[in-house]
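In: Okay, predicted coordinates and the sequence, questions at the end:
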Amino acid sequence: MITIIGAGKVGGDAALFSAIKQLDDQILLLDIAEGLPQGEAMDINHMLSEQGIDVEIKGSNNYEDMKGSKIVVVVAGAGRKPGMTRMDLLKINAGVVKDVVGNIKKYADDSLIIPVTNPLDPMAYITFKTSDFEKSRVFGMGGMLDLSRFKQFIHEETNSSRKEINALVIGEHGENMLPLTRLAKISGKPLPEIISQEKLDNIFTLTKNVAAEVIKLKGATVHAPGNAISAMIDNVVNDKKQVMPVSTYLDGEYGFSDVSIGVPAILGKNGVEKIIELELNDNEKDWFEKGVKSVKDAISGINV
Ligand code: NAI
C-alpha cells in the first residue's frame, strides 16, 4: 500500500497519477479534514472505474489505516500563497510534519518516506531526524519538480523532443536552486554547444522563478508536483535505479553534513541507493553552498 498524507491539491493529484500508473493496488489518502480524503478517493475511483484500472483508493482520517504501507508521501500542511516564500511556511509546517512523522513511526515503521511539504529541504531534515530512520529511507521531492520546469524551458528554447532532454536540478528547493545548464544534454549533445550562454542564463533564471508565476496565475502548483511524486514512487516500486534529484541527508557528500538538500541519487526499492557526486565548478559550488546555508539557517530556528 502507498499512503499519501495530505489529501489536498498536490496529494490528490499524486494519488491520481500513482493510480493511473498502477504503482500499487491500494492507495490510501489520509487527512485531518473530515470528508476530504473520502471524497477525493471516491472521485478518483470513479475515474479508475471508467478506465478499467483495478487500483483501489481509500480515504481516511485515521492513521491506523496506514499499517503495512511501504511508501508514505508527506504532503500535508499549508501551501504558499501569492507573495509568500517557502520559508514563510517553515514554522507552521514544521509542527504538522513532526506530528505526521510521529504517526508514521507508530503505524508504518518499515516504510520509505517521501517528504513534499514546503519548505521542502528543512521538512526533509525534520522528517529524517524525527523518524530516526536510516537516511536512505527519507528522500524528499522538490528537485524533480524543478527539473520538470527546467526541461520545459529547454524544450521551448530548442524545440527538441522532451524525451531527448537529459538534465538535473540540484541544491535547495527554493531561491538557491541550481539548474545545471552546463551539464544538460539533448540527444547526448551538451546544451552549451547548442545555445548561447545568454540563453542558458535565461533558462536558469526562468526555472528559478516560474513556480511563483504559476502560483500568481492559478493559486497553486498541482499537476507537475503530483506527477513528480508519482515518478519517484515509480522509480522505487519498480526498482528502476534511475538517477533523480532528491532532498536527502548529507553526511559529507558535496562537502556538507547535517543538512538535507537536493542531490542526484540512484533510487531503488530500498530508497536512496547511492548519492551521485558531480564535479561542480566554482559558480555552481557557490549556489549549492548558498542553498545549504539557507537550509541550515532555517533548521537552526526550529526545535528538531
Ligand atoms: P492543500 O492546502 O491543498 O492541502 C494540504 C492538506 O494538508 C489539506 O487538505 C489539510 O487538511 C492537510 N493537513 C494539514 N495538516 C495536516 C495534518 N496534521 N495531518 C494530515 N493532514 C493535514 O495544499 P497543497 O497545494 O496540496 O500543498 C501541500 C504542501 O505541499 C504545501 O506545503 C506546499 O507548499 C507543498 N508543495 C511542495 C512542492 C514540492 O515540490 N516539494 C510542490 C507543491 C506543493
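Out: Great, that's in hand.
In: how far away is I53 from V100?
Out: Distance check for I53 against V100: by C-beta to C-beta, to the nearest Å, it reads 28 Å. Just so you know, the C-beta spots here come from the backbone N, C-alpha and C atoms, and that holds for glycine as well.
In: And those two? Which one has more around it.
Out: V100 (27 against 16; other C-beta atoms under 10 Å).
In: what helix or strand does that one sit in?
Out: According to DSSP states H and E, V100 maps onto helix 90-107.
In: Check which helices and strands that helix sits against.
Out: Packing partners of helix 90-107 (3 or more C-beta pairs under 8 Å, 6 or more residues apart in numbering; DSSP states H and E): strand 2-5, strand 71-74, strand 112-115, helix 120-131.
In: And the second one, what's buried?
Out: When you say that, I think you mean strand 71-74. Going by neighbour count (16 or more other C-beta atoms under 10 Å), the buried part of strand 71-74 is I71, V72, V73, V74.
In: Okay, whichever residue of the stretch 201-304 of the chain sits closest to the ligand and E193: tell me how far apart.
Out: Nearest residue of the stretch 201-304 of the chain to the ligand: P225, at 3.6 Å (C-beta to the nearest ligand atom). Applying C-beta to C-beta, the value for P225 to E193 is 32 Å.
In: So those two - more neighbours on which side?
Out: P225 (25 against 8).
In: Could you pull up the residues touching the more buried one?
Out: Going by C-beta atoms under 8 Å, 6 or more residues apart in numbering, P225 touches V10, D13, A14, V116, M141, L145.
In: Up against the ligand, what does the stretch 151-300 of the chain have?
Out: H173, A220, T221, P225 (C-beta under 6 Å from any ligand atom).
In: Which two among these are spaced furthest apart?
Out: Farthest apart among those by C-beta to C-beta are H173 and A220. That separation is 15.7 Å.
In: who's more crowded, those two?
Out: Neighbour count, other C-beta under 10 Å: between H173 and A220, H173 has more, with 31 against 14.
In: out of everything not next to it in sequence, what's closest to that one?
Out: G142 (2.8 Å; C-beta to C-beta, 6 or more residues apart in numbering).
In: Over to V116?
Out: Closest to V116 by C-beta to C-beta, 6+ apart is V75, at 4.1 Å.
In: Which helix or which strand is home to V10?
Out: Per DSSP H and E: helix 9-20 holds V10.
In: Restricting to C-alpha, output that helix in CSV.
Out: Only the C-alpha atoms of helix 9-20 are listed here, as CSV (Å, rounded to 0.1, in the frame of the first residue of the first chain):
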residue,chain,number,x,y,z
LYS,A,9,-4.4,19.6,-4.2
VAL,A,10,-1.0,18.0,-4.6
GLY,A,11,-1.8,14.9,-2.5
GLY,A,12,-4.9,14.2,-4.5
ASP,A,13,-3.1,14.7,-7.8
ALA,A,14,-0.2,12.4,-6.7
ALA,A,15,-2.8,9.7,-5.8
LEU,A,16,-4.4,10.1,-9.3
PHE,A,17,-1.1,9.8,-11.2
SER,A,18,0.0,6.9,-9.0
ALA,A,19,-3.3,5.1,-9.6
ILE,A,20,-3.1,5.6,-13.4
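In: tell me which strands and helices that helix is in contact with?
Out: Partner elements for helix 9-20 (3+ C-beta pairs under 8 Å, 6+ apart): strand 2-5, strand 26-30, helix 36-51, helix 223-237.
In: most packed of the ones you listed?
Out: Of all the helices and strands packed on helix 9-20, strand 2-5 carries the top mean neighbour count, a mean of 30, counting by mean count of other C-beta atoms under 10 Å.
In: where does the stretch 101-250 of the chain have low pLDDT?
Out: The stretch 101-250 of the chain contains no residues with pLDDT under 70.
In: Helices of that one, start to end?
Out: Secondary structure of the stretch 101-250 of the chain (DSSP state H, counting those that start in this stretch): helices located at 120-131, 143-158, 197-218, 223-237.
In: Now render those as TSV, adding distance to I4.
Out: Shown next, in TSV, are the helices of the stretch 101-250 of the chain (distance: least, C-beta to C-beta, whole Å):
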stretch	distance to I4
helix 120-131	15
helix 143-158	16
helix 197-218	21
helix 223-237	8
